[in-house]
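**Q** Give me a model of this one.
(2 chains)
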There are 2 protein chains.
Amino acid sequence: TLFTAGFSLFSTSKSSIDTSSFMAEPISSVEYLAKNKDDMKIKVELMILRVQAEFCKALEKEEESGAKFVVDKWQRKEGGGGITCIMQDGKVFEKAGVNISVISGMLPPAAIARMRSQGKKLSDGELPFFAAGVSSVIHPKNPLIPTIHFNYRYFEVRDGDTVHWWFGGGTDLTPYYLNVADAVHFHTVLKDTLDKHDKQYYPKFKKWCDEYFYIPHRYETRGVGGIFFDDLDTPSQESCFKFVTDCADAVKYSYIPLVQRHKHATYSKQEREWQLLRRGRYVEFNLIYDRGTKFGLLTPGARYESILMSLPLKARWEYMHQPGKDTPEGELLEVLKNPREWVKE
Amino acid sequence: TLFTAGFSLFSTSKSSIDTSSFMAEPISSVEYLAKNKDDMKIKVELMILRVQAEFCKALEKEEESGAKFVVDKWQRKEGGGGITCIMQDGKVFEKAGVNISVISGMLPPAAIARMRSQGKKLSDGELPFFAAGVSSVIHPKNPLIPTIHFNYRYFEVRDGDTVHWWFGGGTDLTPYYLNVADAVHFHTVLKDTLDKHDKQYYPKFKKWCDEYFYIPHRYETRGVGGIFFDDLDTPSQESCFKFVTDCADAVKYSYIPLVQRHKHATYSKQEREWQLLRRGRYVEFNLIYDRGTKFGLLTPGARYESILMSLPLKARWEYMHQPGKDTPEGELLEVLKNPREWVKE
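**A** A predicted model of the protein is given here:
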């Protein structure tokens, strides 16, 4: 038994955490990761490191200019840090950002009050928290390829002896031109992934997504939706982790085929300008309504460059731009004003 | 005396309101305006109609493509309406908007609660209100011409027998390259205008402007400032009206010379791209922090096209764009991070 223990110590502290495939060294030290492999915080950190690297590599494979992701590892003075990967001004991808962050510190009273108002049973005052997540927005150059956004995150708040934890996240698609086959493919991958865990998830999280990505002042959704959920803490921590991992792993299957389908398609100046106008709407949603962006920017010591990487390279605002009803642009607007069911039961 | 009364009736109801120089017919009927000429609501409506027309004409005179302002008169179903004037894609002006609105209706309890938290003594529940103002943002094409914004407004809330009223407004300049002579000219016109009313106004309202147009997440101001004030209700309603009228009339003297100075200057692709990046910051301020935009978009029945006319035609976001300290771009950033006094006592 002495021999076994020694071997086990060796294997977890040295050889079992292979960081060579990640975009950068983990935020936590490899020793700490190896020692605490069963802690959910560590499992999530390792999962998002892997998902980030796999998605970046899948995108690099589609980019045709030879451009690669630039990797910025950053630290937060208040605790934790992150890895921001950006590809800009490529031939296929105009601006692609894949960010992970692993943050800890004290939650200010205002943030706790907000969580309480959303139903969390937490004490007054400051509480220690942990948050880790992967978040990405991909803006391709070709207006026939949709923009995708996804974000998967894990949250812990310690209140006395109790650790409150939950998962949240989502994946959603923002096309510039309606392509029903694309939307059906995208939603089918999501539904298939969710159905394996709970048959009620897809209808529930699809609706939540349509409601979340709504631009009230324009009376339209940001795109053709996808899935969105928050405060997920049932049936068990392990099953939630597996679910979120599956969702994050599904992103590439939902999106890369759409890039491959359209990246060589020709497009007109008019299609490009429409894309830039729609990117203006994307900016409006992210800066006015998106909770992640808003609370991110209000967090002291926030790394605004990583938060605002979601904004497109270029955007455009024209007064009273109103495409005709029977144009391809009008057809998209029609769907944004009346969200559809893309996959049948 | 009968004759005099008859003459006076004739003169106010018919010939005394000349609407021919306005961009469109007034929001209130000419009969109503003529009958209530001494009511502050009417005086403000007539003033903003005149200021809008004069400023639009001064800009049209500088535009060299022959483009003219397009005039949209709109009505708000809940009460009142406005006139939005837009010039887009000109040779000198890339996007210029001059908007007036004259609105009345019921203030929702949330808006009243907000006013109370800002020190207004108002009862609970809904209260009838009136708001009229002129608001403008001019984005020239040439990066050597600054963007200007101004807004002057009058507000009334009726609470039982008491009418609470106040004025607010400001004018501020957002250059893309620092030109000290421009900033000094601009601030000198403002200071001279304010000094005629109260020697304490310029220092106080200049500081208020620097504080208001601050982008906290970037640790920089939007531009080189100007003046900003709110809740102005002393020494008298008439003197406040004269003050705000003078401020609004000063806009053209502060700004048009800068257009004339730089509109024929050549500029490089790099200067144009820097301008678009700075326009991205303008969008960030307006959509995240500007109270007018925010509350405007949250108002039921808001005319979002008129509110969002402040956004530039084009904007750009680059990850981690950081100009060198000794570049002209870095010189501007330095001033945005450390607001200066442009005019000596």
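
**Q** and the residue most central in space within chain A, which of the three is it?
**A** In chain A, the C-alpha closest to the average C-alpha coordinate belongs to A:Asn151, at a distance of 1.9 Å (C-alpha atoms, centre = their mean). Under the three-state scheme (DSSP: H, G, I helix; E, B strand; the rest coil), the conformation of A:Asn151 reads as strand.

**Q** So what pairs up with it in the strands?
**A** According to DSSP bridges, the residues that bridge with A:Asn151 are A:Ser135, A:Gly170.

**Q** Likewise for A:Gly97?
**A** With beta bridges defined as DSSP bridges, A:Gly97 has these partners: A:Ile86, A:Val137.

**Q** gap between it and A:Lys196?
**A** With distances defined as C-beta to C-beta, to the nearest Å, the gap from A:Gly97 to A:Lys196 amounts to 29 Å. All C-beta atoms are positioned from the backbone trio N, CA, C, and that covers glycine.

**Q** Neighbour count: the two, which is higher?
**A** The residue with more neighbours, out of A:Gly97 and A:Lys196 and counting by other C-beta atoms under 10 Å in any protein chain shown, is A:Gly97; that gives 25 against 12.

**Q** I figured the more buried one hits A:Met309, correct?
**A** Yes. Between A:Gly97 and A:Met309 a contact is recorded at 3.6 Å, counting by C-beta atoms under 8 Å.

**Q** Which residues are in contact with each of the two?
**A** When C-beta atoms under 8 Å, 6 or more residues apart in numbering or on different chains defines a contact, the residues bordering A:Gly97 and A:Met309 alike are A:Thr84, A:Ile86, A:Val137, B:Tyr319.

**Q** do you know how far the residue in the stretch 1-150 of chain A positioned nearest to chain B is from A:Glu305?
**A** Closest approach of the stretch 1-150 of chain A to chain B (C-beta to the nearest C-beta) occurs at A:Ile86, with a separation of 4.6 Å. Using C-beta to C-beta, A:Ile86 is found at 9 Å from A:Glu305.

**Q** Three-state assignment for A:Lys68, please.
**A** Secondary structure of A:Lys68, reduced to three states by three-state DSSP: coil.

**Q** List the contacts of it.
**A** Taking C-beta under 8 Å, 6+ apart as the contact definition, A:Lys68 lies against A:Glu60, A:Met87.

**Q** Give me the pLDDT for it.
**A** Per-residue confidence (pLDDT) for A:Lys68: 96.

**Q** What of A:Ser11?
**A** At A:Ser11, the pLDDT recorded in the model is 47.

**Q** what about the strands in chain A?
**A** A:70-75, A:80-88, A:93-107, A:127-140, A:147-159, A:162-174, A:214-215, A:220-221, A:225-232, A:314-316 (DSSP state E).

**Q** Hmm, B:Ala302 and A:His217 touching each other?
**A** Yes. The pair A:His217 / B:Ala302 is scored as a contact, 6.5 Å apart, by C-beta under 8 Å.

**Q** Please verify my assumption that the residue of the stretch 1-150 of chain A closest to chain B contacts A:Asp72.
**A** Yes. Applying C-beta under 8 Å as the test, A:Ile86 and A:Asp72 come out as touching, 7.4 Å apart.

**Q** list residues touching both of the two?
**A** Residues touching both A:Ile86 and A:Asp72 (C-beta under 8 Å, 6+ apart) are B:Met320.

**Q** Would you state the predicted confidence (pLDDT) at whatever residue of the stretch 101-250 of chain A ends up closest to chain B?
**A** When you check the stretch 101-250 of chain A against chain B by C-beta to the nearest C-beta, the closest residue turns out to be A:His217, at 4.4 Å. Among the per-residue scores, A:His217 shows a pLDDT of 93.

**Q** go on, A:Thr266?
**A** The predicted local distance difference test score for A:Thr266 is 98.

**Q** Could you measure from it over to chain B?
**A** With distances defined as C-beta to the nearest C-beta, to the nearest Å, the gap from A:Thr266 to chain B amounts to 23 Å.

**Q** Report the contact partners of the nearest residue to A:Ile145 once chain neighbours are set aside.
**A** With C-beta to C-beta, 6 or more residues apart in numbering or on different chains as the criterion, A:Ile145 has its nearest non-adjacent residue at 4.7 Å, and that residue is A:His262. Applying C-beta under 8 Å, 6+ apart to A:His262 gives the contacts A:Asn142, A:Leu144, A:Ile145.

**Q** Would you mind listing what in the stretch 51-200 of chain A touches chain B?
**A** A:Asp72, A:Thr84, A:Ile86, A:Gln88, A:Lys95, A:Gly97 (C-beta under 8 Å from any C-beta of the partner chain).

**Q** In chain A, where is pLDDT below threshold?
**A** The model of chain A has pLDDT under 70 over residues A:1-15.

**Q** what's the spacing between A:Phe295 and A:Tyr154?
**A** Here the criterion is C-beta to C-beta. By it, A:Phe295 lies 16 Å from A:Tyr154.

**Q** Those two - which one has more neighbours?
**A** Neighbour totals were compared for A:Phe295 and A:Tyr154, and A:Tyr154 leads with 26 against 14 (other C-beta under 10 Å).

**Q** Just list the residues touching the nearest residue to that one once chain neighbours are set aside, thanks.
**A** When the adjacent residues along the chain are set aside, A:Tyr154 lies closest to A:Val44, with 4.3 Å between them (C-beta to C-beta, 6+ apart). When the contact criterion is C-beta under 8 Å, 6+ apart, the partners of A:Val44 are A:Ala132, A:Tyr154, A:Phe241.

**Q** redo that, cut-off 10 Å
**A** A:100, A:102, A:130-134, A:152-156, A:167, A:241, A:244-245 (C-beta atoms under 10 Å, 6 or more residues apart in numbering or on different chains).

**Q** among those residues, who's most crowded?
**A** Most neighbours among the contacts of A:Val44, by other C-beta under 10 Å: A:Ile100, with 30 neighbours.
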